[in-house]
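*Asks:* Okay, structure incoming, though there's no sequence with it:
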């Protein structure tokens, strides 16, 4: 567990109510979720998650422009993975004030510094780096004798303190009880069992689900769940979580996540907004930066591996969902009632530009010790797109996050008509002239 848990924590940005957390009524029937509910999926990707915050800002603006500001939270079902799990939990905890909560989340991302997420000082990096070098140089026997056991390349203890301010989870039961949100789910991958686990908290009893190599567990969501979900492999340490009477160690929820959209569907969503952290496809006529000639650097290989973890499964799942929708459309309505499958309406918003290329312009913003560390792997040079993918996951610096937020906002407004149709919002002429 993070050493930051033993430190005094700052006051939460949201003040929880004093009312005791209500339990669901004992007589409430087991539900599969609210019928026709709208879900939100926030994907992972470290610092790339700044993009989804820009999307949320634009959605809040469009909602206000349509005169729906005083309406209910547009996302009664919220799911998230990795850094997206943190944003999802913060949004759920403030679901009684959607616009205000989006503003507060955006403020955090707009003013980000890497030392809010991980220790970036020379001493911390020398300590973790020295342990790794001893392990690699001295071998298992010597390091076992010396009890040297490095857990990760970076120490994410500061993130625990940020979560205490940004995500007031003690508000969640009351917010659910008042009907502002019906379910929150975050995912993590168990190093202990090899299974992908969705932890969910809901206003009413819901049946957990089990599929091949993945399962759901109803639990009270804690900051430890968020630390586990956002623990990028190798970079951040695993987090211990209680799991059905035992302790297991969990890492980033994007690992082994074969069906990112599934959790929202299991929780009852029939309409889902999916916000990606990478382009869904690359124009084939363009030479992608990572296809340049020359042997790939270690940073390029590491970035490619992380992209396969964070980005690939979402595109595959969206394609699968659209094929199912197409197939169901060919089935007569009378026969559809005999199937557990149902059509799911998707609104997908994803970056229109390569985030690698954006990161390449901001590599110099990385803390000096981290930049020098990555420089040895081939990722510390500004403008070098080939190695920038790795850096993009750790660029928790305001210049980078603000550019991603601006891109998220621009991409959402580009899909304004589709967004308005999806939510059934009617934009006024005055508001339409603003965009």
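*Replies:* Perfect, thanks for sending it. This is a predicted model, so every value here is computed, not measured. Numbers count the residues shown, from 1 in each chain.
*Asks:* So the most centrally placed residue in the chain versus residue 229, what's the distance?
*Replies:* Central residue of the chain (Cα atoms, centre = their mean): residue 84, 1.6 Å from the mean position. The spacing between residue 84 and residue 229, counted by Cβ to Cβ, to the nearest Å, is 8 Å. Using the backbone N, CA and C atoms, a C-beta is placed for each residue, glycine as well.
*Asks:* list residues touching both of those two?
*Replies:* Each of residue 44 lies in contact with both residue 84 and residue 229 under the rule Cβ atoms under 8 Å, 6 or more residues apart in numbering.
*Asks:* Below-threshold pLDDT in the stretch 1-150 of the chain: ranges please.
*Replies:* Within the stretch 1-150 of the chain, the ranges that satisfy pLDDT under 70 run 1-35, 122-150.
*Asks:* re the thing from before, now do the contacts for the residue nearest to the centre of the chain.
*Replies:* Going by Cβ under 8 Å, 6+ apart, residue 84 touches 41, 42, 43, 44, 45, 49, 52, 275, 277.
*Asks:* Next, give phi and psi for the nearest residue to it once chain neighbours are set aside.
*Replies:* Nearest residue to residue 84 in three dimensions, chain neighbours excluded: residue 42, at 3.3 Å (Cβ to Cβ, 6 or more residues apart in numbering). The phi/psi pair for residue 42 (degrees, to the nearest 10) reads phi -110, psi 120.
*Asks:* same check, this time on residue 340
*Replies:* Dihedral angles (degrees, to the nearest 10) for residue 340: phi -80, psi -10.
*Asks:* Tell me how many other residues crowd it.
*Replies:* A total of 5 residues lie near residue 340 under the criterion other Cβ atoms under 10 Å.
*Asks:* picking that back up, dig out what the residue nearest to residue 84 forms beta bridges with.
*Replies:* Counting by DSSP bridges, residue 42 is bridged to residue 80, residue 275.
*Asks:* and the gap between it and residue 53?
*Replies:* According to Cβ to Cβ, residue 42 stands 9 Å off from residue 53.
*Asks:* Tell me which of those two has more neighbours.
*Replies:* A side-by-side neighbour count of residue 42 and residue 53, using other Cβ under 10 Å, places residue 42 first with 31 against 26.
*Asks:* Tell me which stretches of the stretch 151-300 of the chain form strands.
*Replies:* Per DSSP state E, counting those that start in this stretch, the stretch 151-300 of the chain carries strands over the ranges 183-190, 196-202, 210-211, 214-218, 239-243, 246-251, 269-275.
*Asks:* rewinding a little: what residues are shared contacts of residue 42 and residue 53?
*Replies:* Both residue 42 and residue 53 are in contact with residue 87, where contact means Cβ under 8 Å, 6+ apart.
*Asks:* Show me what counts as buried in stretch 197-210.
*Replies:* 197, 198, 199, 200, 201, 202, 203, 204, 206, 209 (16 or more other Cβ atoms under 10 Å).
*Asks:* er, stretch 61-80 I mean
*Replies:* Across stretch 61-80, burial judged by 16+ other Cβ under 10 Å covers 61-63, 65-66, 68, 73-80.
*Asks:* for stretch 349-366, same thing?
*Replies:* Buried positions in stretch 349-366, judged by neighbour count with 16+ other Cβ under 10 Å: 349-351, 354-356, 358-360, 362-363, 365-366.
*Asks:* could you give the mean pLDDT of it?
*Replies:* The average pLDDT within stretch 349-366 is 92.
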